[in-house]
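# would you be able to build a 3D model of this:
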Amino acid sequence: MKGKQNMNYTKNRVIFAGAGPGDPDLITVKAMNALKKADLIIYAGSLVPEAVLCWKGNCSKTISSAGLDLDQIVEKIYDYHKKGKKVVRLHTGDPALYGAIFEQMRKLDKLNIPYSVIPGVTAAFAASAKMNMEYTLPEVTQTLILTRISGRTPVPETENLETLAAHKASMSIYLSIGHVDKVQKILEKHYGPGSTCAIAYKVSHPEEAIIYTQIQNLVQSCKDNNIMRHALIIVGKSVAVSLKESDVLESKLYDAGFSHGYRSAK
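Residues are numbered from 1 along each chain as shown. All right, here's what the predicted structure looks like:
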């Protein structure tokens, strides 16, 4: 895949784009336009629904990367790019979150292939929108943790779920349904077994489901609903507040008695 580049394609950037959580209408306008102009779209077929490809151009070729390894993906990008073709690498949600894009970028750097990134809506925010939930509540929780439990892909010891759960912040747990029994035990310890959590399954897809349950029933709820993958576990006081199970303080931002740079207190 080595060779001298020509001026026709050094200016042509490969685009890493976020497909959003699944609903084609939740892709950004910028990513939609990139798909329309693409000669080749390599999409993460195990997660990105083909419905999102409705935005592709009439002559765009699409390839699922589900069965490809890193070198095969980069080789296809290189083959099109050296001909001056426009390539879009389409990742689920936002490319920067569990997208494995950096390893692809390093390969492209070695080949002197320029690239840019278009962000996307990640599932945690599609879920909160569906739940009519705010992750950051005044004087209740001001931190959101996006994480996963250690499995076949380990996490750093300082970021293990036990350590992060101890903060009792709002938390959206990705890629962990396969270890839901371990997740439940950790969450019970730090958030309490009777606390409300949510399972967000394929949020924004046609078959989406938001299942509310107590943490002590998390494993059973997954079994009852046959959920084994493609779901987030959302925990924290914000979940209960969204269900009107507890009250919350109003913010200072719109408090008539609170002054700031754009408004004087009454």
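
# residue 35: what's it in contact with?
Residue 35 sits next to 17, 27, 41, 53, 55-57, 60, 88, 90 when contact means C-beta atoms under 8 Å, 6 or more residues apart in numbering. Quick note: C-beta positions are derived from backbone N, CA and C, even for glycine.

# do residue 118 as well
15-18, 28, 30-31, 34, 95.

# cutoff 7 Å now
Residues near residue 118 by C-beta atoms under 7 Å, 6 or more residues apart in numbering: 15, 17-18, 28, 30-31, 34.

# and for residue 231, nearest residue in space, chain neighbours not counted?
Counting by C-beta to C-beta, 6 or more residues apart in numbering, residue 201 is the residue found nearest to residue 231 once chain neighbours are left out, at 4.3 Å.

# quickly note the distance from the one you found to residue 84.
42 Å (C-beta to C-beta, to the nearest Å).

# in terms of neighbours, single out the busier of the two.
Between residue 201 and residue 84, residue 201 has the larger neighbour count (other C-beta atoms under 10 Å), namely 22 against 14.

# shouldn't that one be in contact with residue 222?
No - here residue 201 lies out of contact with residue 222, judged by C-beta atoms under 7 Å, at a distance of 9.2 Å.

# so which of the contacts of residue 118 are in helices?
With helices taken from DSSP state H, the overlap with the contacts of residue 118 comprises 30-31, 34.

# and the helices in the protein?
Going by DSSP H, the chain shows helices at 7-10, 29-37, 70-81, 101-110, 123-130, 161-165, 180-191, 218-224, 237-242.

# quick one: mean pLDDT over the first one.
Mean per-residue pLDDT for helix 7-10: 42.

# which one of the contacts of residue 35 sits in the busiest neighbourhood?
Going by other C-beta under 10 Å, residue 90 tops these with 30 neighbours.

# how about the nearest residue to residue 51 once chain neighbours are set aside, what does it touch?
Nearest non-adjacent residue to residue 51, counting by C-beta to C-beta, 6+ apart: residue 24, 5.3 Å away. Contact partners of residue 24, counting by C-beta under 7 Å, 6+ apart, are 51-52, 54-55.

# thank you kindly, that will do.
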